[in-house]
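Asker: Got a predicted structure here, sequence first:
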Amino acid sequence: MLKRLAAHMDKRNWPARIHEARTGSPSLSCSNLGFYEDDDCFIRYRKAGRGRPIVFLCDAPVTLEVYDNLIAELSSRHTVIVFEVPGNGFSVPKPSYNFSFQTMNDVIARFLRTVAGERAILAFSCGSTYAALDIAARYPELCSRLVIIQAPSWSEEMKWKNRRDPQGLISMPIIGQMIFPKMMKTRAPAWYALSMAATPHVGHFCTCTAAAFDQGATFALPTMFQNYLTGDEAPFVTPEQPALAVWGNQDASHADTDKTSSNALAKSVKLVMLDHVGHFPELEDVVGFSALLNKFIET
């Protein structure tokens with residue numbers, strides 16, 4: 001009951017937030033914007049290029065605005081789709097959306113079917129990776145290959161979650177939703193400094209995130225911790241599709257994570273460690289990541 005009440009705090013003023021995202025400054029802040037809406041949610045996304053679709057999910061507090069370089073690099077050969085999951089950025093959950101593992105993944109699957117079509121390459125990162133794995137297993141027609149970015153086994157992810165919330169306050173229903181909005185503007189720059197390599201990208205990420213928060217972007221981390229990343233056992237079946245697992249070793253938040261545990265996430269995994277980037281290898285080294293991705297696709 002408490003979790004349900006807490007989740008409703010992320011749905012307040014949802015009609016006004018959707019209207020603002022569709023018509024206000026979030027609709028003008030970057031190119032190639034599109035909007036998907038159904039009974040459960042409103043999703044803001046970018047789509048550019050032509051060819052086989054590659055789909056990225058923004059790892060909040062990152063928003064669509066930081067993907068310019070990646071889209072430019074990949075869109076000459078692929079259709080690039082990037083989206084914000086409901087509750088993060090300017091994508092909005094409606095009252096029926098409950099943030100559970102299956103609900104969120106089914107919403108993403110409907111979005112993929114409508115916007116990407118079949119046989120897309122799913123390149124999700126961090127906690128959203130498990131959505132890609134679940135969708136690949138339950139809806140194999142939607143996914144031809146997986147790119148796993150900065151995500152270990154489920155048990156290792158639970159350890160990472162506990163290190164990010166050592167006192168359990170963010171994971172506490174109601175309390176987490178009350179305190180986190182007051183923390184997130186200062187927590188975001190600290191997160192980037194901790195998790196990224198020491199590059200000019202950190203300042204750019206901080207600027208974009210601060211601007212997004214000022215325009216009304218949200219970051220439903222407490223609700224995700226309470227409803228999505230929960231349980232000792234992995235809530236998905238190991239998918240059959242081939243996978244490329246990419247780790248940026250400059251991510252201090254994963255210093256104690258067993259990165260080789262990514263090998264257990266799919267039946268066939270190629271594991272690549274990159275020493276010069278951190279939590280966002282696809283954004284910190286666009287050219288190098290794109291070369292890895294293209295080689296993986298070609299083989």
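Answerer: On my side now, so go ahead. Bear in mind that the values here come from a model prediction, so they are computed numbers and not experimental data.
Asker: Next, the contact list for Val237, please.
Answerer: 134, 137-138 (Cβ atoms under 8 Å, 6 or more residues apart in numbering). In short, each C-beta sits where N, CA and C put it, glycine included.
Asker: if we go to 6 Å?
Answerer: Ala137 (Cβ atoms under 6 Å, 6 or more residues apart in numbering).
Asker: can you check Asp285 too?
Answerer: When contacts are counted by Cβ under 6 Å, 6+ apart, Asp285 touches Val277.
Asker: any idea how far it lies from Leu70?
Answerer: 10 Å (Cβ to Cβ, to the nearest Å).
Asker: try Ser128
Answerer: 16 Å.
Asker: And His254, by the same measure?
Answerer: 21 Å.
Asker: so Lys182 sits in a helix?
Answerer: Yes. Lys182 sits within a helix when classified using DSSP: H, G, I helix; E, B strand; the rest coil.
Asker: Which SSE is immediately downstream of the lengthiest strand in the chain?
Answerer: Secondary structure of the chain read by DSSP state E shows that its longest strand is strand 41-49. Downstream of strand 41-49, the first helix or strand assigned by DSSP states H and E is strand 53-57.
Asker: Report the buried residues of the helix or strand following that following strand.
Answerer: As assigned by DSSP H and E, the chain's next helix or strand after strand 53-57 is helix 68-74. By neighbour count on 16 or more other Cβ atoms under 10 Å, the buried set for helix 68-74 is 70-71, 73-74.
Asker: so Val66 sits right up against Thr207, yeah?
Answerer: No. Assessed by Cβ atoms under 6 Å, Val66 is found out of contact with Thr207, at 9.6 Å.
Asker: Compare those two (neighbour count), which wins?
Answerer: Remark: of Val66 and Thr207, Val66 carries more neighbours, 20 against 13, as counted by other Cβ atoms under 10 Å.
Asker: and the gap between Leu229 and Cys58?
Answerer: 17 Å.
Asker: Neighbour count: these two, which is higher?
Answerer: Taking other Cβ under 10 Å, Leu229 and Cys58 do not tie; Cys58 has more neighbours (24 against 19).
Asker: what's the nearest residue to the more buried one if we skip its chain neighbours?
Answerer: Counting by Cβ to Cβ, 6 or more residues apart in numbering, Glu84 is the residue found nearest to Cys58 once chain neighbours are left out, at 4.8 Å.
Asker: Same question for Leu70.
Answerer: Counting by Cβ to Cβ, 6+ apart, Val286 is the residue found nearest to Leu70 once chain neighbours are left out, at 5.1 Å.
Asker: Does Ser76 lie in a helix or a strand, and which?
Answerer: Short version, using DSSP H and E: Ser76 is in no helix or strand.
Asker: who's the residue nearest to it when sequence neighbours are not counted bridged to?
Answerer: Once flanking residues are discounted, Ser76 sits nearest to Gly49: 6.8 Å by Cβ to Cβ, 6+ apart. On the basis of DSSP bridges, Gly49 is bridged to Thr79.
Asker: ok, now Cys41?
Answerer: Here Cys41, judged by DSSP bridges, has bridge partners Pro93.
Asker: Next, count neighbours for it.
Answerer: 25.
Asker: so who does it touch?
Answerer: Per Cβ under 6 Å, 6+ apart, neighbours of Cys41: 86, 93-94, 97, 107.
Asker: What distance do you get for it to Arg113?
Answerer: Relative to Arg113, and taking Cβ to Cβ, Cys41 is found at 14 Å.
Asker: cool, and Ile170?
Answerer: 32 Å.
Asker: For the residue nearest in space to the middle of the chain, give me phi and psi.
Answerer: Centroid-nearest residue in the chain, with Cα atoms, centre = their mean: Asp59, separated by 3.4 Å. Here is the backbone geometry of Asp59 (degrees, to the nearest 10): phi -90, psi 90.
Asker: And the helices in the stretch 51-200 of the chain?
Answerer: For the stretch 51-200 of the chain, the helices defined by DSSP state H, counting those that start in this stretch occupy 68-74, 101-115, 129-138, 154-164, 175-195.
Asker: Quickly compare the ones you listed and say which is most buried.
Answerer: helix 129-138 (a mean of 24; mean count of other Cβ atoms under 10 Å).
Asker: send the alpha carbons of that one over as CSV?
Answerer: Output of helix 129-138 as CSV, limited to C-alpha atoms (Å, rounded to 0.1, in the frame of the first residue of the first chain):
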residue,chain,number,x,y,z
THR,A,129,19.3,-3.0,-19.2
TYR,A,130,17.1,-5.5,-17.4
ALA,A,131,14.1,-4.1,-19.3
ALA,A,132,15.9,-4.9,-22.6
LEU,A,133,16.8,-8.4,-21.4
ASP,A,134,13.2,-9.1,-20.4
ILE,A,135,11.7,-7.7,-23.6
ALA,A,136,14.2,-9.7,-25.7
ALA,A,137,13.1,-12.9,-24.0
ARG,A,138,9.4,-12.3,-23.9
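Asker: Many thanks, we can stop here.
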